[in-house]
Structures are given as C-alpha cells and as structure tokens.
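Enquirer: after the sequence you'll find the predicted model.
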Amino acid sequence: MGAWVALAVAAAWLLVTILGGLGTSYGQLDGELARLQESVETQEKELTELRARTAQSERQLQMERAAAADLAKQLKALTFDNAKLKEDLAFFQSLMSPAGAREGAINVSRFRLQPERGGEYRYQMVLVQSGQRAKEFQGRLQFVIDVQHEGRKVTVTVPAEGERDTKEYQLNFKFFQRLEGTFKLNPGSVLQGVQVRVFENGSRAPKLTQNLNVS
C-alpha cells in the first residue's frame, strides 16, 4: 500500500513538472511570435515608405529627363533661328551697301537648288537690285539649263516660250524679291549647269545673265 502511494505521488510530481515545462515553452513561443510579428509589421512599414520614395524619385527623374529633352529641343530651335538671323543680317547688310555694284544692277543672292523625285528640282533664290535710289523693276525670270541626256548635251529653257508669262516667273520689286519654284527634267537627264537670265519688260536683251553654282 505504501508503495502504491509513493508511486502515485511520484507520478503526480512528474505530471506537474511536465505541465509546468510545457507552460514555460508556450509562453516563450508566444513572446517570440509577438516579437517576429512586430518586426514584420515594422519592416512592411519601412518597405512601404521605401517604395513611395522610390516611386517619387522615378517620377522626379522622368520629369528631369523630359525637362532636359525639352531644353535640348529649344536649344536646337534657337541655334537654327540664330543662324538664320545671322544669314538675314548679312544679306541685308550687303543689300544696303553692295560692294562694287552699280546703281540699279540686278544680282542673284542665296541661290539653292534641291533635287526632288522624278527628275524634279526645287529652287530658292533672292534677286537684289543695288542702290538706295533704285526704281521699281518689272520683268521676268528665265533659266537656261544644260543637261546630259542619252550621251548628248541638251539645253533646256525654263519656262518654255509658251509659258513665259506664267506668274511664277514674273518679277516686280524695288530692292529685292524672293523666288521659289520647281522645274522638271526628262527621265535620265543629268543636270550639268544652270544659268539665270532676268529680262526687263520691253527689252529683248537680258538685264542679267549669271551662271549659278549647282554643286
């Protein structure tokens, strides 16, 4: 009987010890879980703030890139405008004080010739009448074009005789007149030279005959 009592007491003590140990372990796990959960929440908060700052930095970078691209575009436009203004200034300076030009003389300034498709050429030019007391000039423009066609040298007159009164080739100015237009050569023709002629109304002889640089 005494042995059974001793055994029951020992079993009870062992049960209390085991239950007590488990209680301590569960308490430690709860504390560790709470600590980990708090760390996760803190890191998620920091991650959210970091993502917000990153998104703001990306937006700022995009804005700076757009601003830089816009500035580059403005710089390019201003550079082009500045070059054009310098060209215009040089032109008007030469117009006001032409070197060695006689009063009322006609000259070609700023001639440009640009090949287009299908044998077509676009020309731009300015006719200038020298002198501060120049009178109103009225007349017409004519091109004499040298081409190589099928191994032969051919001369083409623009405008053709029947088109000489076309408005595009009529001249009416006092100091200068800007001209722009096109002419077309036959397929296979190679342009070799261009001469411009200016006729004053009532005169069959040209007032100006000038060979132009087409290179």
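Expert: It's in. Residues are numbered from 1 along each chain as shown.
Enquirer: could you pull out the helices for this structure?
Expert: Using DSSP state H, the helices of the chain run over 2-96.
Enquirer: please parse it into its domains.
Expert: 1-96, 106-212 (automatic domain parsing).
Enquirer: tell me if I'm right that Gln114 and Glu180 touch.
Expert: No: between Gln114 and Glu180 there is no contact under Cβ atoms under 8 Å: 10.4 Å. The C-beta positions use only the backbone N, C-alpha and C, and glycine is treated the same way.
Enquirer: residues in contact with both of those two, list them for me.
Expert: Shared contacts of Gln114 and Glu180, defined by Cβ atoms under 8 Å, 6 or more residues apart in numbering, are found at Arg122, Tyr123, Gln124.
Enquirer: contacts only, for the residue nearest the centre of the chain.
Expert: Note on the chain: the residue nearest the mean C-alpha position is Lys73, at 6.8 Å, using Cα atoms, centre = their mean. Counting by Cβ under 8 Å, 6+ apart, Lys73 makes contact with nothing.
Enquirer: so Arg112 makes contact with Tyr123?
Expert: Yes: taking contacts as Cβ under 8 Å, Arg112 lies within contact range of Tyr123: 6.8 Å.
Enquirer: for this structure, which spans come out with low pLDDT?
Expert: 1-27, 29, 89-103, 132-134, 215 (pLDDT under 70).
Enquirer: and with 50 instead?
Expert: 1-10, 12-13, 16, 19, 22, 24 (pLDDT under 50).
Enquirer: select the longest strand from it.
Expert: Counting residues, the longest strand found in the chain (DSSP state E) is strand 137-149.
Enquirer: mind listing what's buried along it?
Expert: Phe137, Gly139, Arg140, Leu141, Gln142, Phe143, Val144, Ile145, Asp146, Val147 (16 or more other Cβ atoms under 10 Å).
Enquirer: which one of the residues you listed is nearest to Gln195?
Expert: Val144 (4.3 Å; Cβ to Cβ).
Enquirer: can you pull the contacts of the closest residue to the closest one other than its chain neighbours?
Expert: Of all residues not flanking Val144 in the chain, Gln195 sits nearest, at 4.3 Å (Cβ to Cβ, 6 or more residues apart in numbering). Contacts for Gln195 (Cβ under 8 Å, 6+ apart) come out as Phe143, Val144, Ile145, Asp146, Thr209, Gln210, Asn211, Leu212.
Enquirer: any idea how far Arg59 is from Gln195?
Expert: 62 Å (Cβ to Cβ, to the nearest Å).
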